[in-house]
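Colleague: Output the structure for:
(chains A and B, ligands or ions: 2)
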Amino acid sequence: MTALTLTNVNKSFGPVHVLKDINIEVEDGEFVVFVGPSGCGKSTLLRVIAGLEDASSGEIRIADEVVNQTPPSKRGIAMVFQSYALYPHLNVRKNMSLALKQERQSAEVIEQRVSEASRMLDLDAYLDRFPSELSGGQRQRVAIGRAIVRQPKLFLFDEPLSNLDAALRMNTRIEIANLHDQLGASMIYVTHDQTEAMTLADKIVVLRDGRVEQVGSPMELYNNPVNQFVAGFLGSPAMNFLPAELMTPGDTRILGVRPEDLSIAGEGQIKAQVMHVEHLGGDTNVIATLGEHQITARLFGQHEVQAGQAISLGYSPDRTYFFDGDGQRLA
Amino acid sequence: MNKARTNPLNTAAMHGALILYTLIALFPVFVILINSFKTRKAIFREPLALPDADSFSLIGYQTVMKQGDFFLYFQNSLIVTVATLFFVLLFGAMAAFALSEYRFKGNTLMGLYLALGIMIPIRIGTVAILEMMVATGLVNSLWALILVYTAQGLPLAVFILSEFMRQVSDDLKNAGRIDGLTEYTIFFKLVLPLVRPAMATVAVFNMIPIWNDLWFPLILAPAEETKTLTLGSQVFIGQFVTDWNAVLSALSMAILPVLVLYVIFSRQLIRGITSGAVK
Ligand SMILES: Nc1ncnc2c1ncn2[C@@H]1O[C@H](COP(=O)(O)OP(=O)(O)OP(=O)(O)O)[C@@H](O)[C@H]1O
Ligand SMILES: [Mg+2]
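Modeller: Ligands and ions are numbered 1, 2, ... in the order given. Below is the predicted model:
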C-alpha cells in the first residue's frame, strides 16, 4: 500500500505557476523529506496534500483513495506547523484533544490517546498549562502531540524546527526520528536544511522552482546526483564546481568535486591560493581561490595552513562528477 | 526593566503628567455633575463651587422626571446603541473575515466599495433614507435608527477589522481546519478572541456618535415613544430660555451609561491574549 501518490499535480495562483507536474510516491511507513531553496513551493505542495489549497490539476491519493475533493479533516492527515499554531485559549490537554472531540471520540479514547502522547513527548507536567506559559521547545512538542493523538495515516511537518535554537533543534530532530520508529507512521517533512534532510529521511525529494529535480535515498542523491543543482544542494560545505579546462585544456565540461574528497598533495591537480581557514577541531575547512574561482577543501583533523599561502590540492579521478553547460550530469 | 522607569523621580513625573491629563479630561464632566445639583442662581453665581446646604437643589432632576418619560428615552437610547454595536461588530467582523480570508472574484472591489462608505457621510442620503423608511413603514420605530446606524458603522468596522484579521496567523486557522473545525468555529473561537482589542476600538468609535446623535432621531423617530435621550433633552433648550438645571441633570444621567460601556470595552483593549499562540 502507498501512503501517498501524487500524479501530475499542478498548482497556480492566478498567473503564477507554483507547482509543475509533481509526481511523488510515499510508501507506507516511509519518512520522506522535501528539500529545496526558499520559495520553491515546498509549503504549497504540503498544503495541497493537506487540502488547505486545491490542486489546479492532477490527482492526490492518500492510502489509495482519491482525496482531491475531501476536506482536510477527513483526509487522515495531521500537520505540524513552523509557527506551532497552538490554540491560545485552550490548555495543553484541550489543544491535543480538540480534534478527537470534533471526531466525536469517546471520553476514554480521548483520555487514553492524550496520556499516551503526553508520555511519549514528556508533557505530563504541562497538561494544564496554556501555550503562553510554555517554552518554544515545549510548544513544538505540544504541536507534535496534537498530531499524534489523531493517529493519522500521514504526518505532515512544515519546517517544524526552524523556530528553535541549535541545541534544541538537534534534540527535537532526534525525538522526531524516534517518534517515526515508534509509530511506524508515514511522514512527510519539509525543510530547507540539508542536514535535517540527510539525517531524517528514508527518501529525499529535491524541489526547485516547483519541479521535482530528483528523488532517492540520501546516499543515492549524495553519491549520484542527476544534475549540478542537486549535487550543490546536498552536502556541507557544498560541492566545488570548476571549469574542467583549468585541469585539462580544451575540456568544456564542468568538474564537480566534494570538499572532503580533496586533500593536500605535493603534486595535486589544483594549485590555489589559501584565502581563509576554518579550524573546527575535528575538521579543517580551507577556502582557497583559483583565479576567479573559489574552492573549499574539508580536511580531516587539524592542519597548519595559513591564509595567503599557496596550496596544492589533489583528488582521485573516480571521486569526480562532470556536468554539461546546462548543469546536467554527464556519465 | 528599563532603568529610567524605576527611577522614583521619573515615576513621579510620569504619574504627575497622567494625573494632570486626567484632571483636565474630567473637569467638564465634574462641572456638569456639581452644577446639576445646584439651584439656578447658584449655577450662574459660582459655577465652580460645590453644592452646599444653601445651593443644593434637585430641581433639575425633578423637572427632568416630570417632563416626558425620561426613562423611556433612556431605554430607547440604550437599545439603539447596544443593538447597533452588536450588529456592527457581528456583521463587520464577518465581512472582514470573508474579505481577508477567502480568495474570490471581486474581493478587492468589494473591499474598496466598503471603504468608500468611510468617506461619504451617510447624512447625504437622508432624504432617500427617509423615503425608504416611509415606504417600509419603519418610521418612528427604533429599527429605523438601528438599521441606519449599522449601515453608518459598518464601513469603518470592516476596514479596521479586516486589517487586524489579516494579521491572525494562517497556520492557526489551518490547524483548526485540519482538526475539523468548521469555518464558523474558526471565526468565533479562534479569530474573534484574537482581534478583541480591535473590536473594542470599533465599539468605542461607534458608540459615542450614536449615543449623541440628534439628526436621525429627529428625522426618523421623533415620536414620543421612540425618542432618544438626546432628542428628549432638547425640550429644555429653548430659543429664548434654557432650563439649565434640567439640561445639566439630563446630561449627567446621559453620561453614565456611556461611561459604563466604555469601561467594559476598554478592559478588552488592554487585555492581550495573543501571546504564546504562535512563535
Ligand atoms: N497565496 C499565494 N498567492 C500567490 N503566490 C503564492 C501564494 N502562496 C505562495 N505563493 C508563491 O509560491 C511560491 C512558493 O511558495 P512556498 O511558500 O510554497 O515556498 P517554500 O518552498 O515553502 O519556501 P520557504 O522555504 O521560504 O518556506 C513562492 O514564490 C510564493 O511567492
Ligand atoms: Mg515554506
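Colleague: Could you verify that residue A:306 is part of a strand?
Modeller: No - counting by DSSP: H, G, I helix; E, B strand; the rest coil, residue A:306 falls outside a strand, being coil.
Colleague: isn't it right next to residue A:273, touching?
Modeller: No - under the criterion of C-beta atoms under 8 Å, residue A:306 is not in contact with residue A:273, lying 11.2 Å apart. Every C-beta, even on glycine, is put in place using the N, C-alpha and C of the backbone.
Colleague: the more surrounded of these two?
Modeller: residue A:273 (13 against 8; other C-beta atoms under 10 Å in any protein chain shown).
Colleague: Next, count neighbours for the residue in chain A positioned nearest to chain B.
Modeller: Taking C-beta to the nearest C-beta, chain B has its nearest neighbour within chain A at residue A:132, 2.7 Å off. Neighbourhood size, residue A:132 [other C-beta under 10 Å]: 14.
Colleague: Pick out the residue nearest the middle of chain B.
Modeller: Nearest to the mean C-alpha position of chain B, by C-alpha atoms, centre = their mean, lies residue B:207 at 1.0 Å.
Colleague: Against residue B:72, how distant is that residue?
Modeller: 20 Å (C-beta to C-beta, to the nearest Å).
Colleague: At which residues are the helices of chain A located?
Modeller: For chain A, the helices defined by DSSP state H occupy A:42-50, A:92-102, A:107-120, A:136-148, A:166-183, A:194-200, A:218-223, A:228-233.
Colleague: Next one: the third one, is it in contact with chain B?
Modeller: No - contact between helix A:107-120 and chain B is absent, the nearest approach being 13.0 Å (criterion: C-beta under 8 Å from any C-beta of the partner chain).
Colleague: And for the residue of the stretch 51-200 of chain A found nearest ligand 1, the neighbour number?
Modeller: Closest residue of the stretch 51-200 of chain A to ligand 1, C-beta to the nearest ligand atom: residue A:192 (4.8 Å). By other C-beta under 10 Å, the residues close to residue A:192 number 18.
Colleague: just checking, it touches residue A:159?
Modeller: Yes - under the criterion of C-beta under 8 Å, residue A:192 makes contact with residue A:159 at 7.3 Å.
Colleague: quick one: contacts for residue A:130?
Modeller: By C-beta atoms under 8 Å, 6 or more residues apart in numbering or on different chains, the contact set of residue A:130 is A:88, A:89, A:90, A:91, A:92, B:276.
Colleague: Return the members of the residues you listed classed as buried.
Modeller: If you count burial by 16 or more other C-beta atoms under 10 Å in any protein chain shown, the buried members of the contacts of residue A:130 come out as A:88, A:90, A:91, A:92, B:276.
Colleague: Flag the least confident of those residues.
Modeller: Ranked by pLDDT, these bottom out at residue B:276 (39).
Colleague: partners of the residue nearest to residue A:283 when sequence neighbours are not counted in the sheet?
Modeller: Leaving aside its sequence neighbours, residue A:283 sits nearest to residue A:298 (C-beta to C-beta, 6 or more residues apart in numbering or on different chains; 5.7 Å). Residue A:298 forms beta bridges with residue A:285, as assigned by DSSP bridges.
Colleague: Compute the number of surrounding residues for the nearest residue to residue B:58 once chain neighbours are set aside.
Modeller: If you skip the residues right next to it in sequence, residue B:58 has residue B:37 as its closest partner in space, 7.0 Å away by C-beta to C-beta, 6+ apart. Around residue B:37 there are 21 other residues, counting by other C-beta under 10 Å.
Colleague: from memory residue B:37 sits against residue B:57, does it?
Modeller: Yes - the pair residue B:37 and residue B:57 qualifies as a contact (C-beta under 8 Å) at a distance of 6.9 Å.
Colleague: Let's test this: mean pLDDT of the helix or strand hosting residue B:266, rounded?
Modeller: Residue B:266 belongs to helix B:244-270 when assigned by DSSP states H and E. Averaging pLDDT along helix B:244-270 yields 82.
Colleague: same thing with stretch A:26-42?
Modeller: Computed over stretch A:26-42, the average pLDDT equals 94.
Colleague: go on, stretch A:58-68?
Modeller: Stretch A:58-68 comes out at a mean pLDDT of 94.
Colleague: got it, and stretch A:112-126?
Modeller: The average pLDDT within stretch A:112-126 is 92.
Colleague: cool, and stretch A:199-214?
Modeller: Stretch A:199-214 comes out at a mean pLDDT of 95.
Colleague: Quick one: end-to-end length of it, please.
Modeller: End-to-end distance for stretch A:199-214: 18 Å, by C-alpha to C-alpha, to the nearest Å.
Colleague: Also stretch B:48-60?
Modeller: Start-to-end, stretch B:48-60 (C-alpha to C-alpha) is 17 Å.
Colleague: mean confidence for it?
Modeller: 83.
Colleague: Can you mark which positions in it are buried?
Modeller: Neighbour counts over stretch B:48-60 (16+ other C-beta under 10 Å) mark B:51, B:55, B:57, B:58, B:59, B:60 as buried.
Colleague: So what does the last one look like in phi/psi?
Modeller: Okay, so that is residue B:60. phi -60, psi -50 (degrees, to the nearest 10).
Colleague: residues contacting residue A:156?
Modeller: Residue A:156 makes contacts with A:46, A:49, A:50, A:77, A:78, A:79, A:80, A:187, A:188, A:190, as judged by C-beta under 8 Å, 6+ apart.
Colleague: Save the residues you listed as CSV, and put in neighbour count and pLDDT too.
Modeller: Conversion of those to CSV gives the following (neighbours: other C-beta atoms under 10 Å in any protein chain shown; pLDDT from 0 to 100):
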residue, neighbour count, pLDDT
A:46, 22, 95
A:49, 27, 96
A:50, 24, 96
A:77, 27, 94
A:78, 28, 95
A:79, 30, 95
A:80, 25, 94
A:187, 27, 96
A:188, 27, 96
A:190, 24, 95
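Colleague: Can you spell out the domain ranges of the chain, please?
Modeller: In the absence of a named chain, chain A is used. For chain A, automatic domain parsing gives the domain ranges A:2-231, A:240-330.
Colleague: that's the wrong chain, I meant chain B
Modeller: B:1-57, B:68-274.
Colleague: Please see if the longest one touches ligand 1.
Modeller: No - Domain B:68-274 lies out of reach of ligand 1 by C-beta under 6 Å from any ligand atom, never closer than 7.5 Å.
Colleague: Give me the distance from that domain to the chain's centre.
Modeller: Centre-to-centre, domain B:68-274 and its host chain are 7 Å apart (C-alpha atoms, centre = their mean, to the nearest Å).
Colleague: got it, and the shortest one?
Modeller: Remark: domain B:1-57 is offset 24 Å from the chain centroid, using C-alpha atoms, centre = their mean.
Colleague: sorry, back to before: buried residues of the helix holding residue B:266, list them for me.
Modeller: Quick answer for helix B:244-270 (16+ other C-beta under 10 Å): B:244-254, B:257-258, B:261-262, B:265, B:268-269.
Colleague: Please tell me how far residue A:274 sits from residue A:257.
Modeller: For residue A:274, the distance to residue A:257 - C-beta to C-beta - is 17 Å.
Colleague: Please enumerate residues in contact with the helix or strand containing residue B:209?
Modeller: Using DSSP H and E, residue B:209 maps to helix B:196-212. Residues outside helix B:196-212 that contact it (C-beta under 8 Å, 6+ apart) are B:77, B:80-81, B:84-85, B:88-89, B:92-93, B:149, B:153, B:156-157, B:160-161, B:163-164, B:192, B:229-230, B:254, B:257-258, B:261-262, B:265-266, B:268-269, B:271-273.
Colleague: Can you name the residues of chain A that neighbour ligand 1?
Modeller: A:13, A:16, A:18, A:36, A:38, A:39, A:40, A:41, A:42, A:43, A:44, A:192.
Colleague: Show me just the buried residues among these.
Modeller: Neighbour-count burial (16+ other C-beta under 10 Å) is assigned, among the residues of chain A next to ligand 1, to A:18, A:36, A:40, A:41, A:42, A:43, A:44, A:192.
Colleague: quick one, what contacts residue 187?
Modeller: Looking at chain A here, since you left the chain open. Residues in contact with residue A:187 (C-beta under 8 Å, 6+ apart) are A:30, A:31, A:32, A:154, A:155, A:156, A:157, A:180.
Colleague: my bad, the chain I had in mind was chain B
Modeller: B:93, B:94, B:97.
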